[in-house]
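Engineer: quick one: sequence and predicted model below, then my questions.
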Amino acid sequence: MRPDTQPLLENEWVVLKPLQQTDFDELYAVAADPAVWAQHPNKDRWKKEVFSTFFEGAMQSGGAFKVVEKATGATIGSTRFYDFSETNGSILIGYTFYATRCWGKGINSSVKKTMLDYIFQFANRVIFHVGATNIRSQIAIGRIGATKTGELTVAYHGEPPKSNFVYEITRENWLSH
């Protein structure tokens, strides 16, 4: 059974809303901070023309969200589901970024938990591509129980390919985590 890759998801801190074309300005206001992309493989995504390409890919993915902080109603980032494979029972989660004021506050882990609780109704395995130089994200993904399984060169939408580490978590591991 194919999942809805853009459901409305929420927890006590955030709401994940399906990304709309009209969300560009709010999301770019978060993405325009160069610090957000400092460890990311595509370090110039803070530039409007580069972010526009990223946003276009997000819209085309059919699985992108804007992350809204419940307490303030502010857009604080984005994430997405992509590349669902019914054959392999797998899906990817990624393209995640948050405003720097949200770092180290448990936002990412709460978002990932909400996404994983939902998607494991449909998938047996979730895969994450994390930039080889993105230590912050590698640590964060390890904290939710994902394990490194390999390396891969990833071609981002409209951007040059970059080296990534592959992490994954299975439904069985998630339920016992």
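Structural biologist: Right, received. Where do you want to start?

Engineer: rest of the way, CA atoms for contacts and neighbours
Structural biologist: Will do.

Engineer: list the buried residues of stretch 150-161.
Structural biologist: Across stretch 150-161, burial judged by 16 or more other CA atoms under 10 Å covers V154.

Engineer: start and end of that stretch, how far apart?
Structural biologist: 16 Å (CA to CA, to the nearest Å).

Engineer: and stretch 152-171, by the same measure?
Structural biologist: End-to-end for stretch 152-171, by CA to CA: 23 Å.

Engineer: ditto for stretch 8-15
Structural biologist: So stretch 8-15: terminal residues 7 Å apart, CA to CA.

Engineer: which strands and helices sit next to the longest strand seen in the chain?
Structural biologist: Longest strand in the chain, counting residues (DSSP state E): strand 75-85. Contacts defined by 3 or more CA pairs under 8 Å, 6 or more residues apart in numbering; DSSP states H and E place strand 75-85 against helix 24-31, strand 64-69, strand 90-98.

Engineer: can I get those in CSV including mean neighbour count?
Structural biologist: Formatted as CSV, these follow (neighbours: other CA atoms under 10 Å):
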stretch, mean neighbour count
helix 24-31, 17
strand 64-69, 24
strand 90-98, 20
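
Engineer: closest to I127 out of these?
Structural biologist: strand 90-98 (4.6 Å; CA to CA).

Engineer: distance from the helix or strand following that closest one to the middle of the chain?
Structural biologist: Using DSSP states H and E, the helix or strand that follows strand 90-98 towards the C-terminus is helix 107-119. With CA atoms, centre = their mean, to the nearest Å as the basis, helix 107-119 stands 10 Å off its chain's centre.

Engineer: what angle separates helix 107-119 from strand 90-98?
Structural biologist: Angle, helix 107-119 to strand 90-98, by axes from the mean of the first three to the mean of the last three CA atoms, to 10 degrees: 150 degrees.

Engineer: excluding its backbone neighbours, what's nearest G77?
Structural biologist: Y98 (4.2 Å; CA to CA, 6 or more residues apart in numbering).

Engineer: is it true that that neighbour touches V30?
Structural biologist: Yes - counting by CA atoms under 8 Å, Y98 does reach V30; the two are 7.2 Å apart.

Engineer: cool, thanks, talk later.
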